[in-house]
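[1] predicted coordinates and the sequence they were generated for:
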Amino acid sequence: MNLIDAYVYEVTRRLPKKSRDDIAMELRFSIQDMLPDSYTEKEVKEALAKMDDPAVLAASYRDKPMYLIGPKVYDAYIETLKLIFPWVILICVILNIVASIGMFNGEESILTVIINTITDTIVNVIYAASQVFIWTTIVFVIVERVGLSKNDLPLTKRGTPWSPDDLKDVQIIPAKKIISTGEIIFTIFWITVWAIIYWNADHLLGIYSSSDGNGLQLVMPIFEQNVLLSYWPIVVTFIALEVGLVLYKWVVGQWTKKVALVNGIIHILSTIAFLFISRNANLYNEAALPYIEKTIIINNVVLSNAMDVLWIIIAASIVISLIIEIVESYKKAKI
């Protein structure tokens, strides 16, 4: 581990992206000036010990002064907000979707339901986020003003003053290799949405029609719910595997060959399971095709062929997307 690189990384990761390169160069020159031409690790530690704590130095480079939250707790304050905000938003979105689907009976206009769900979600997210921001800020203001720490050094994960030895634990991860919290939360969101749709497919996925000016309303489901739910052991197994994969990615925090391998295996198996289930002819509502024929006035053979072509297109798109994802994950793992 290059301690100089680690120190520069610890400072610049707390700064806006546009200024990181210039400040990194400036820091490297400053540290190099403090060292002889041929230096040892001990001399590097001595030089870095004369520098400020990375959090304090980063705070001094920021353009905006900090009034309410001072340098002592500012870094911990921002990290806490970054950690909490995405999860609060995810929970609000999922709860609103679950509530909307639970109350949807197919009689209301689908457009009305969607608009109401989006509106309620936005309002609840703003309210929850504001509460998190207010109470988190209050807690950190109290911590700083009351002075729970006996020194003026910034709060750290260890609760001890910073030293160059802390740099040994720093992992310098390229930006493209990082598995972001946003990616984790987005994946959990879609797992939840698809799970909800699976157990409520009979009044969510179907043929919608607009009549009497009341907007789109569900005419009939596409799937036979009993047949669809007969696959629940397979579906639950893959939901559990996907959740486990997400948690594994969250813990590791970056793309590695092992993460890419596990990710590829689970997604290949889930794709095979999806294609297997979707080929069951009994899965689809027998009344759906005659209704479509009558509605758009099309020959049964032509419609059946069109549906087969549509299935092939969907299957091919899923397989191609899977291949692209696997290739991209291995590229990131090799960085």
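    Perfect, thanks for sending it. Residues are numbered from 1 along each chain as shown.
[2] for the helix or strand of the chain with the lowest mean pLDDT, buried residues please.
    Here the helix or strand of the chain ranked lowest by mean pLDDT, DSSP states H and E is helix 288-296, holding a mean of 73. Of the residues in helix 288-296, 288, 292 count as buried by neighbour count, 16 or more other CB atoms under 10 Å. C-beta here means a position set from N, CA and C on the backbone, and glycine is covered the same way.
[3] what's the angle between whatever helix or strand comes next after that helix and helix 288-296?
    Per DSSP states H and E, the first helix or strand lying C-terminal to helix 288-296 is helix 300-334. Helix 300-334 runs at 110 degrees relative to helix 288-296, counting by axes from the mean of the first three to the mean of the last three CA atoms, to 10 degrees.
[4] could you list every helix and strand in contact with helix 300-334?
    Packing partners of helix 300-334 (3 or more CB pairs under 8 Å, 6 or more residues apart in numbering; DSSP states H and E): helix 257-278, helix 288-296.
[5] run through who's touching stretch 269-286.
    Contacts to stretch 269-286, defined as CB atoms under 8 Å, 6 or more residues apart in numbering, come from residues 206, 220-224, 227-228, 231, 234, 238, 241-242, 311, 315, 318-319, 322.
[6] so which of these are in helices?
    Those of the contacts of stretch 269-286 mapping onto helices are 227-228, 234, 238, 241-242, 311, 315, 318-319, 322, per DSSP state H.
[7] ok, the residues you listed vs residue 95, which is closest?
    When the ones in helices among the contacts of stretch 269-286 are ranked by distance to residue 95 (CB to CB), residue 242 comes first, at 20.1 Å.
[8] distance of the nearest residue to the closest one once chain neighbours are set aside relative to residue 199?
    Among residues not flanking residue 242 along the chain, residue 191 sits closest, at 5.2 Å (CB to CB, 6 or more residues apart in numbering). Distance of residue 191 to residue 199, computed by CB to CB, to the nearest Å: 13 Å.
[9] same question for residue 316.
    From residue 316 over to residue 199 (counting by CB to CB), the distance is 28 Å.
[10] where along the stretch 1-150 of the chain do the strands fall?
    Remark: no strands are assigned in the stretch 1-150 of the chain by DSSP state E, counting those that start in this stretch.
[11] low-confidence ranges in it?
    Across the stretch 1-150 of the chain, the ranges flagged by pLDDT under 70 are 1, 63-68, 71, 104-111, 145-150.
[12] what's near enough to touch residue 96?
    Counting by CB under 8 Å, 6+ apart, residue 96 has contacts 117, 120-121, 124.
[13] go on, residue 101?
    Residue 101 makes contacts with 196, 200, 204, as judged by CB under 8 Å, 6+ apart.
[14] scan the residues you listed and report the most crowded one.
    Neighbour tally across those (other CB atoms under 10 Å): the maximum, 19 neighbours, falls on residue 204.
[15] quick one, what contacts residue 17?
    No residues are in contact with residue 17 under the rule CB under 8 Å, 6+ apart.
[16] out of the ones in helices among the contacts of stretch 269-286, flag the one nearest to residue 173.
    Nearest to residue 173 among those, with distances taken as CB to CB, is residue 242, at 23.7 Å.
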